[in-house]
Structures are given as structure tokens and as C-alpha cells.
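Q: sequence unavailable; structure follows:
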């Protein structure tokens, strides 16, 4: 195009600053990346909350909230996808674009790297592109499959492989199998050279939200009505729940015994029962887990001795996360996580299996449950041939792992292949942008 | 589908009122995907074992329970956005697209239904669907390859402007030629390697699954070890997407050739196969959802006591709920109500 219009150079220099966003249903992970620096990501609650005094908190203002009793949330992200842009815009505005925003940036001089969930709906993708360019006006933007970002982390370090310090780190990793268990759902994504293998992506509709709701139901049947305190139940789930390595055994231990005769394990707690002290929103704003003391909660229930509200958690502690591995327990007609991995693998050539099975990375908040890694490894080992090596690992911080990968991607040359400038959007239209993002990185390395 | 002999005429024009449109609805409620599709005669409709002995009523109850669990909030919290404090960005004028998006009160279920309707419309009336497709802000170069596939944008080069398309075509032709050449080379190489592998397989005893591999190094080095003495360096095939293990193989050991220790590693997929996988378009939302396979139907689902959470050994005669023993069953009976439709 020699002698073309002078006003349109071959391509404006890409903006030096990149806003990397992992816009999750529960929290936004956000931070800035330049060529040389990577800020630590900030974790922002992605919600508009209203407490019982009808005071409203938007995004990170939730830190100021002390009393989480009867708090109600409005979330712009449903099932992992940004659906309600009215609320999402408000949160983004307050976090990134207002004059006093904590992470202020000028979109016209910033590139946006946005992580999106797999298998989105075209209409939602279109809305996202239109909002980014037409409303916020980012100068450059790319929307990439979120799980695939994890391949840009130093995967071998996650597996704690011994290596010499001068080893070059290959980014993106050649082959990994990524399991992302988040607020809305759990997905399995095989990734080759940073490209997700779309035909093999499988989703299980069990996530943190469903488990919190299930715990709420169990508590409401057995103890108090907790249905209007989702925050408190969620906190309880995060601190007290664990994944059982011996489900049957643990369930026997928490059995109360026959009518006349309480079982010994039930009376002593057998190391499983825990007392959970609920926040009273005067002196205590967060719940506390205590070892089970026989008799204490019974006294508390009478209200004579103590002013504390105590719940004794028994099989609720491990039945709730068990849903990830046996969703049929509550009637969900989907396979558990072990079978989910096998269903994903069954689509792929067998030659890829050894590489994928030996490099399973687990991210997302649910992977923080105690014993998650061990249980997943056993579940998969039960299903694959004996001679397969199965390694499962979790990055140091599974919640920000996708963000860190995205930050590494933002520095990688791949970002230039995918990024779309505002000018290109205005010239070619939203359909062209959608096609470009959907094609992804392509197969040429 | 025999519509009593009525043939639907395909028309390119579909009038759609804002918010809704008439579209063929062939499948039962795809939005509630986590749930059984048909609640009537549930036991009869399932091949093989169904959800234990669930009756239609229990099925409906499970379904309702799951819907509640899937909700974000217990009550429909109608939280309005608080007014801005001072120092907020000046409210600029929205473009029409943005205004439409911001005012939309659609939920994800609405969007999913819309999408399903669009796919169904694409099956019966491709022209109308193409006109409605939100991703088609620009004319699309090619129709979607299969109607079942998502009408999601296809990874094809744009033909927006003539100049650009000419250049793109040239580039594409060059790339195709290059790829063709590469492919031929690859095929030749693969044929060679296949011969060698076959020769190696004849020498090699049949693979024996062994338990010792757990202490082995990861498979990348396994590969080298298994055949290091007999085969050339690049085994499995040295593809361009996944290059072979380049580092020197570990020192040979006396019992490397021991048939009990030799590990079997399946051959790498060919580059073409990998390329096809990497370039495949995303599945649609519902296609990516995992379904019960034969493996999951093999065992009946576990049942738990609805009162205390222990194994649900007995059933309430009235409503079919599970309980563990007399204690819990009595506790359940106190509140057991059977209403029509519950």
C-alpha cells in the first residue's frame, strides 16, 4: 500500500500500558502490565451489595462493609459471562475510570486484555466487544479464552520439577490439561501450545455458588434459616469444608447412631465435627472454626451460658464439596470431575493422553479445598490405564493464576497477533472482530 | 417431523418485535439444561437405570430444588445502582448499541433461549437466521458449515474491502502452497517413520502394563528410554507443533530391554491431526456441557437421608423421600406434606 493515505500509518504503536482483567463471577482480578513491570493484581468483589441498613456497596467498597448479616448481592456476571452490563459498567467505572478510582487509567491510551470463559454465546461476545470499544473506548483490545492463559505461566515450576537455574522457560507450555473450578462452573480444557482444544472442552455445572447454596439448604434444614446470609455461609464453606478422601468412612463417623444409643464417634466428634461460631455483628464480624467440644453447642442452644451462636458442622463439612466429584448425589445428571476429565480426553487422540495426564493444573477458588489435589489424582488414577503417570498440581495462588498467565500473555508476542485496535473495529465492524477472536491464535506457531 | 402435511415455507423476512419473536421450538426447555428434560413418566423414558426409583413427582421436586440451588440469591434482590459521588467521569452520550445493551434486562437464560431459537431457525430457514445473527454486523463470507454448529463467527479471512481481499487471497494461496509442500514432506517422513516403528514393533515384545512406572521420570523422557537403543533420536515423530524431546536421553541401563520394564507409549498424533484440533471452532454452550455416559449409568446414584445426611436406607411411604432410620423418618413425617404438584 505504498503512497496510501498519510493520515493512516501502517499501525499506530501499541499502547505501552495494558489493563489485564480476569472478570470472574465472584471477583475481578485486575492489574496493569507494561513492557517491564507487572503490578500485583487487585482482587475486587464483582458485585453490588446491599446490607441490612440499605446501604449499597459497589465493587471494592465492600471492604468498608463490616456487618455482612442479611447482605444481598447483585452480580453482573452469570454463569461466567458478563450479562448485565449496566451493573458491570458501574463497577468498572468506579474501579478504573473515575477520577478517584483506585486503579485509574485512560482507556484511550491503554490496551485491554480480557479473559472470557469458554463456549460463550455469540450475542454476549458481541455485547462485550461493543461495550469495550464504543463505551469505554480502549485503544486496543483482545478477548481470549481464560483457561488458556494458564499455559503462559511457568507450568513446570508448579509441578516443582528440579532443574538447573539457567533452564529456559518455554512459554506457552507445550501441553497442559487445565481444570478451572470457579464460582459458576468447573471446566476441563486441554491446551496445546497456548491454544485450547475446543472440541474437548467440557463443563460441569457445579461451582462455588451451587455449593454455597447447597450448604445453605443443609443448614436451614438442620439448624437455623441461613438463606438470607449468603456471605456468612460462603465464609463458612471456605473455612470449614474439606474434601473427604474416604467418603464412606467419614460418613460412618458422623452418623448419630441408633435411637437409644448414640455412636461413640458422634459424641466425641471423631475429629470431623467442628463448632462454627457465627458472627454476631456486634463484636465479631467473621465466623470462627473451633474444635468440637461435646456439650458446648447444646448449652449454647439453651442460651443459658453463652451468647455465642454455635453451629456444629458434621457431615456438612465434606458432603458439600463432594458434589464436585459426585454431582448425582443431589440429582444433577452430570458426571463427576474424574469422568469429566475422561470425557474430555476421549475426544482427543490417544497420543496426547500421556502428556495431558502428566500435566494437570488446577486453578480456581474451589481448588483451595483441603485434599482437592489428592482426591482428584485418585479419581483420575482409577480411570486411566495403570502405566499412565498422573500428576496434578495447583499453583501457589489458584485464584490469581489465570490473571498471572494473562499478564505474561500481555508481554508475549502472541498478544500482537490477537489484539484489535479501535481503528480496526471502526473500519471492519464488530462481526470481523468476533471472527478474529474466535479464530484465536491459529495453528501457525 | 410430519406437520400434518403442512409445509412451512421459507421466507427471508422474519418480523421480530423487540424482545421476542416467533421461532420453531423443537426441544423441551433447553435452558434448564442441568435437569431432566421431561418430567412425565421419567422412569419409562430413560433407557437403562434411571435416577433410582424416582417417580415423576420426585423428579419434579429434584428439578425444583436444583433450580433453587442454581439461583444467585435467595430472594430477588432488586438493588439499584447508587448515584455517583462527585468526581465521576462526565456522562458522555452513549452510542445506540451501547444504549441497547445497557437497557437490556435479559438474563443468561434469556440469551441462551435466544441462541437456541437462532440455531433452530438456522436449520429451517437459513436466510432469516443469517439476517438475525447478531455476529453478522458485516456480511459474512461463508454460511456456517453445519446448521448444528454454532452460528458463531467462523475463522475466515475478511473480504470487507476489495484491495484487502486481493492481498489476503494472494497470501492465502502462498500459505496453501507452502502448506502443501510441507505436508508432502511430512507425509514422506511419517511413512519412513511408520516403517521404522513397525520394524521396531516386530522386535519389541508386546507391551506389558507394569506398576513400576510411577517411580519413572515423566513420559517425555520415558519415550526416549523405551526405544533409545534401537530407534533414531526423533521418536515420536518430530512434529512442528510438538517438537520431540531434544535433550540427551538418560544413561542407558542394563535392563532397559527387559520386557517387564519396557513402557508402552502411544504414538504422537500427526501434525495435521493436531492442527485440525487446534483450529476447530468452539462448541456451543450446551454442547460443551458434560452429559452422563454409560460409565455413569452403570451404578445407581447414591441416596442420602434428607434429615441428617447419612445413607438414605428407607423411604417415606407418602412422598418417597429418603431417611436413614426410624428417628429421622419420624422427624420427616412431622413435616411431610404431599400436595399436588409438590
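A: Alright, I've got the coordinates. Please read these numbers as outputs of a predicted model, since none were measured by experiment. Residues are numbered from 1 along each chain as shown, chains lettered A, B, ... in the order given.
Q: how about stretch B:102-121 against chain A, any contact?
A: Yes - part of stretch B:102-121 sits close enough to chain A to count as contact by CB under 8 Å from any CB of the partner chain, namely B:102, B:103, B:104, B:106, B:107, B:108, B:111, B:112, B:114, B:115. From N, CA and C alone the C-beta is placed, and that goes for glycine too.
Q: how about those residues in TSV, adding pLDDT?
A: TSV is the format used below for these (pLDDT from 0 to 100):
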residue	pLDDT
B:102	89
B:103	88
B:104	86
B:106	88
B:107	87
B:108	90
B:111	92
B:112	91
B:114	90
B:115	91
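Q: so which of those is the closest to chain A?
A: Taking CB to the nearest CB as the measure, chain A lies nearest residue B:108 of the residues of stretch B:102-121 next to chain A, at 3.9 Å.
Q: quick revisit: in helices, which of the residues of stretch B:102-121 next to chain A fall?
A: Judged by DSSP state H, the subset of these located in helices is B:102, B:103, B:108, B:111, B:112, B:114, B:115.
Q: just the buried subset of these, please.
A: If you count burial by 16 or more other CB atoms under 10 Å in any protein chain shown, the buried members of these come out as B:102, B:108, B:111, B:112, B:114, B:115.
Q: can you pull out the strands in the stretch 201-342 of chain B?
A: Taking DSSP state E, counting those that start in this stretch to define them, one finds strands in the stretch 201-342 of chain B at B:314-315, B:322-323.
Q: pull up the pairing partners for the first one, direction included.
A: Looking at strand B:314-315 with DSSP bridges, its partner strands are strand B:322-323 (antiparallel).
Q: what is the end-to-end distance of stretch B:258-265?
A: The first and last residues of stretch B:258-265 sit 16 Å apart, counting by CA to CA, to the nearest Å.
Q: actually stretch A:149-159, sorry about that
A: Between the opening and closing residues of stretch A:149-159 lies a distance of 17 Å (CA to CA).
Q: on that earlier part again, I'd like the ones in helices among the residues of stretch B:102-121 next to chain A written out as TSV, with distance to residue B:275 added.
A: Formatted as TSV, the entries for those read as follows, by distance: CB to CB, whole Å:
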residue	distance to residue B:275
B:102	41
B:103	43
B:108	33
B:111	32
B:112	31
B:114	33
B:115	28
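Q: could you dump the strands of the stretch 201-342 of chain B to JSON lines with distance to residue B:78 and mean pLDDT?
A: Shown next, in JSON lines, are these (distance: least, CB to CB, whole Å; pLDDT from 0 to 100):
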{"stretch": "strand B:314-315", "distance to residue B:78": "40", "mean pLDDT": "86"}
{"stretch": "strand B:322-323", "distance to residue B:78": "37", "mean pLDDT": "87"}
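Q: most tightly surrounded among those strands?
A: Burial of the strands of the stretch 201-342 of chain B is given as mean neighbour count (mean count of other CB atoms under 10 Å in any protein chain shown); strand B:322-323 ranks first at a mean of 24.
Q: before we move on, the earlier item: okay if I get the strands of the stretch 201-342 of chain B as TSV plus distance to residue B:284?
A: Converted to TSV, the strands of the stretch 201-342 of chain B look like this (distance: least, CB to CB, whole Å):
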stretch	distance to residue B:284
strand B:314-315	39
strand B:322-323	36
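Q: ok, back up a step: which of the residues of stretch B:102-121 next to chain A lies closest to residue A:89?
A: Proximity to residue A:89 was ranked across these by CB to CB; first place goes to residue B:102, at 6.8 Å.
Q: re the thing from before, tell me which of the strands of the stretch 201-342 of chain B lies nearest to residue A:230.
A: The closest of the strands of the stretch 201-342 of chain B to residue A:230 is strand B:322-323. By CB to CB, the value is 26.9 Å.
Q: residues contacting that closest one, please?
A: For strand B:322-323, the external contacting residues (CB atoms under 8 Å, 6 or more residues apart in numbering or on different chains) are B:303-307, B:312-316, B:329, B:331-332.
Q: cool, stretch A:218-236 as well?
A: Residues from elsewhere that reach stretch A:218-236, judged by CB under 8 Å, 6+ apart: A:68-73, A:208, A:212-213, A:215-216, A:276, A:278-279, A:286-287, A:309, A:311, A:313, A:316, A:319-320, B:73-75, B:306-309.
Q: just the buried residues of these.
A: Using 16+ other CB under 10 Å, the buried members of these are A:68, A:71-73, A:208, A:212-213, A:215-216, A:276, A:278-279, A:287, A:309, A:311, A:313, A:316, A:319-320, B:74, B:306-309.
Q: in TSV: the residues of stretch B:102-121 next to chain A, plus distance to residue A:160.
A: Shown next, in TSV, are the residues of stretch B:102-121 next to chain A (distance: CB to CB, whole Å):
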residue	distance to residue A:160
B:102	47
B:103	51
B:104	47
B:106	46
B:107	43
B:108	39
B:111	42
B:112	41
B:114	47
B:115	43
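Q: the helix or strand containing residue A:432 and chain B, are they touching?
A: Element membership for residue A:432, per DSSP states H and E: helix A:422-439. Yes - judged by CB under 8 Å from any CB, helix A:422-439 comes into contact with chain B at A:427, A:428, A:429, A:430, A:431, A:432, A:434, A:435, A:438, A:439.
Q: wouldn't the fourth one be in contact with residue A:127 here?
A: No - when contacts are counted by CB atoms under 8 Å, residue A:430 is not listed as touching residue A:127 (9.5 Å).
Q: so which bits of the stretch 1-150 of chain A are right by chain B?
A: Selection of the stretch 1-150 of chain A residues close to chain B by CB under 8 Å from any CB yields A:1, A:48-50, A:56, A:58, A:72-75, A:78-79, A:81, A:83, A:85-87, A:89-90, A:93-94, A:97-100, A:118-127, A:130-131, A:134-135.
Q: out of those, name the ones that lie in helices.
A: Among those, the members falling in helices (DSSP H) are A:85, A:86, A:87, A:89, A:90, A:122, A:123, A:124, A:125, A:126, A:127, A:130.
Q: now residue A:315: phi and psi?
A: The phi and psi torsions at residue A:315 (degrees, to the nearest 10) take the values phi -70, psi -10.
Q: that one against residue B:309, yeah?
A: Yes - using CB under 8 Å as the test, residue A:315 is close enough to residue B:309 to be in contact (4.5 Å).
Q: need the overlap of contacts for these two.
A: Here residue A:315 and residue B:309 have A:251, A:254 as joint contacts, going by CB under 8 Å, 6+ apart.
Q: need the helix or strand of the chain with the lowest average pLDDT.
A: I'll assume chain A. Sorting the helices and strands of chain A by mean pLDDT, DSSP states H and E puts helix A:296-302 at the bottom, at a mean of 58.
Q: right idea, wrong chain: chain B
A: Using mean pLDDT, DSSP H and E, helix B:219-227 stands out as the lowest-scoring helix or strand of chain B, at a mean of 39.
Q: residue A:44 in helix, strand or coil?
A: strand (DSSP: H, G, I helix; E, B strand; the rest coil).
Q: and it, how many neighbours?
A: When neighbours are defined as other CB atoms under 10 Å in any protein chain shown, residue A:44 has 26 of them.
Q: ok, now residue B:270?
A: Using other CB under 10 Å: residue B:270 sits among 18 other residues.
Q: go on, residue A:206?
A: Using other CB under 10 Å as the criterion, the residues surrounding residue A:206 number 28.
Q: then the one 4 residues further on?
A: Number of residues near residue A:210 (other CB under 10 Å) recorded here: 25.
Q: ok, residue B:331 next?
A: In terms of burial, residue B:331 registers 15 neighbours under the definition other CB under 10 Å.
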